[in-house]
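Colleague: What follows is a predicted structure for the sequence shown.
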Amino acid sequence: MCLALISTVFGCGPNDEAIPVDMTTRAQMAYDEPSPALTYAYLPQYAHRISYERHHLLVDYLRQKTGLNMRQVFPNSFDEHINMVGQGKIDVSFSNPFIYIKLADRFGARAIARIVEKTGHKDFRGQIICRRDNRAIENISDCRGKRWIAVDPSSAGGYLFALGYFFHHGIRPSDFAEISFAPGPGGQQEKVVLAVYAGRYDIGSIREGTLDVVADKIDLSEIRVLATTPWYPGWVYAVRRDIPFAVAEKIRNALVQLDGQRPEDRRILEAAHFLRVVPADDGEFDGIRRLAKQLGMDHEP
């Protein structure tokens with residue numbers, strides 16, 4: 001019965017020689033385990049779609065250039081980004097300088113590089129906006145008693161810089177009728193502009209460059225830039241504390257070697273909205289620490 005079944009299954013003929021099989025002998029199959037991936041996160045100032053569109057080419061480049069397995073992850077909020085670094089779930093962080101000093105001072109993250117903006121500046125600014133037809137607001141002093149929507153309590157260009165600007169003009173948080181922050185995961189910069197455009201708030205604070213992102217959604221002629229803040233240190237690449245120095249150097253070197261004169265690199269930089277990347281260290285962000293201390297935000301959770 002068994003021999004007949006074997007002949008049927010394997011198609012053996014009556015003259016085929018049987019091949020003995022020793023089932024007591026087993027071989028261990030060798031295979032290569034994939035190396036654990038380093039995680040890369042862009043602080044979610046814009047929608048996840050924009051984060052992906054701007055940085056997936058850069059992540060692919062880093063993977064190929066360094067030989068390190070790397071993947072992009074998408075925290076839903078500024079606080080989640082901070083917590084994920086603290087939990088070891090984000091290895092490479094691209095964030096604004098205010099988030100960076102929190103990551104550095106709280107979790108020991110290390111700055112390795114900073115970007116040069118498309119404007120040619122290593123620094124960047126915030127903007128305070130209102131509707132063009134809002135005649136109750138003609139200058140910065142008119143913001144007293146008004147409703148203000150900002151990006152996030154940890155946003156540099158979308159809150160901290162504007163708060164500092166108001167402070168230097170004698171306007172304190174208590175002078176506003178309301179200060180609110182953009183709701184929901186990702187896309188807070190765009191949401192601020194849309195809220196002001198819809199008339200739900202009198203003024204909004206955003207990072208310079210955000211208006212370009214929403215140019216296909218609203219009529220920008222209806223938005224007026226009421227004020228532009230001073231320049232502050234720009235966006236920064238940092239690695240979490242436990243990343244080995246040699247790995248951090250590989251990543252830094254790959255970022256700094258991006259050259260806009262090379263067509264392939266230019267495509268990566270243009271997608272990311274950088275001009276180039278330059279080396280950086282922690283001391284370059286002490287100005288942000290001083291501003292946060294002046295505003296009483298240096299010990300915020």
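Modeller: Everything's here; your move. Residues are numbered from 1 along each chain as shown.
Colleague: What segments of the protein are helices?
Modeller: Using DSSP state H, the helices assigned to the chain run over residues 2-10, 48-66, 78-86, 97-107, 161-168, 188-197, 210-213, 245-256, 263-272, 286-294.
Colleague: okay, the angle between the last one and helix 97-107?
Modeller: In terms of direction (axes from the mean of the first three to the mean of the last three CA atoms, to 10 degrees), helix 286-294 departs from helix 97-107 by 80 degrees.
Colleague: Who are the packing partners of helix 286-294?
Modeller: Judged by 3 or more CB pairs under 8 Å, 6 or more residues apart in numbering; DSSP states H and E, the packing partners of helix 286-294 are helix 97-107, helix 161-168, strand 232-233. In this view, the C-beta of every residue, glycine as well, is placed from N, C-alpha and C.
Colleague: Same list, the helices of the chain, but as TSV with mean neighbour count please.
Modeller: Listed next are the helices of the chain as TSV, based on neighbours: other CB atoms under 10 Å:
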stretch	mean neighbour count
helix 2-10	9
helix 48-66	17
helix 78-86	20
helix 97-107	23
helix 161-168	22
helix 188-197	23
helix 210-213	18
helix 245-256	16
helix 263-272	15
helix 286-294	16
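Colleague: Turn those helices into CSV, including distance to Ala41 and mean pLDDT.
Modeller: Below are the helices of the chain laid out as CSV (distance: least, CB to CB, whole Å; pLDDT from 0 to 100):
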stretch, distance to Ala41, mean pLDDT
helix 2-10, 54, 41
helix 48-66, 8, 96
helix 78-86, 6, 96
helix 97-107, 11, 96
helix 161-168, 22, 97
helix 188-197, 16, 95
helix 210-213, 19, 93
helix 245-256, 13, 98
helix 263-272, 14, 97
helix 286-294, 20, 94
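Colleague: Could you say which one of those helices comes nearest to Pro279?
Modeller: When those are compared by CB to CB, helix 245-256 sits nearest Pro279, at 5.9 Å.
Colleague: Tell me the helices and strands packed up against that closest one.
Modeller: By 3+ CB pairs under 8 Å, 6+ apart, helix 245-256 packs against helix 48-66, strand 110-117, strand 236-239, strand 274-279.
Colleague: With Glu178 as the reference, name the closest of those.
Modeller: Nearest to Glu178, of the helices and strands packed on helix 245-256 and by CB to CB, is helix 48-66 at 27.7 Å.
Colleague: got the CA coordinates for that closest one in PDB?
Modeller: The C-alpha atoms that make up helix 48-66 are tabulated as PDB, following Å, rounded to 0.1, in the frame of the first residue of the first chain:
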ATOM      1  CA  HIS A  48       2.700  63.000   6.300                       C
ATOM      2  CA  ARG A  49       2.300  63.000   2.600                       C
ATOM      3  CA  ILE A  50       4.500  66.100   2.300                       C
ATOM      4  CA  SER A  51       7.000  64.600   4.800                       C
ATOM      5  CA  TYR A  52       7.300  61.500   2.600                       C
ATOM      6  CA  GLU A  53       7.500  63.500  -0.700                       C
ATOM      7  CA  ARG A  54      10.300  65.700   0.700                       C
ATOM      8  CA  HIS A  55      12.400  63.100   2.400                       C
ATOM      9  CA  HIS A  56      12.000  59.600   0.900                       C
ATOM     10  CA  LEU A  57      14.700  60.300  -1.700                       C
ATOM     11  CA  LEU A  58      17.000  61.500   1.000                       C
ATOM     12  CA  VAL A  59      16.400  58.300   3.100                       C
ATOM     13  CA  ASP A  60      17.100  56.200   0.100                       C
ATOM     14  CA  TYR A  61      20.300  58.100  -0.500                       C
ATOM     15  CA  LEU A  62      21.400  57.700   3.100                       C
ATOM     16  CA  ARG A  63      20.700  54.000   2.900                       C
ATOM     17  CA  GLN A  64      22.800  53.600  -0.200                       C
ATOM     18  CA  LYS A  65      25.600  56.000   0.800                       C
ATOM     19  CA  THR A  66      26.200  54.600   4.300                       C
END
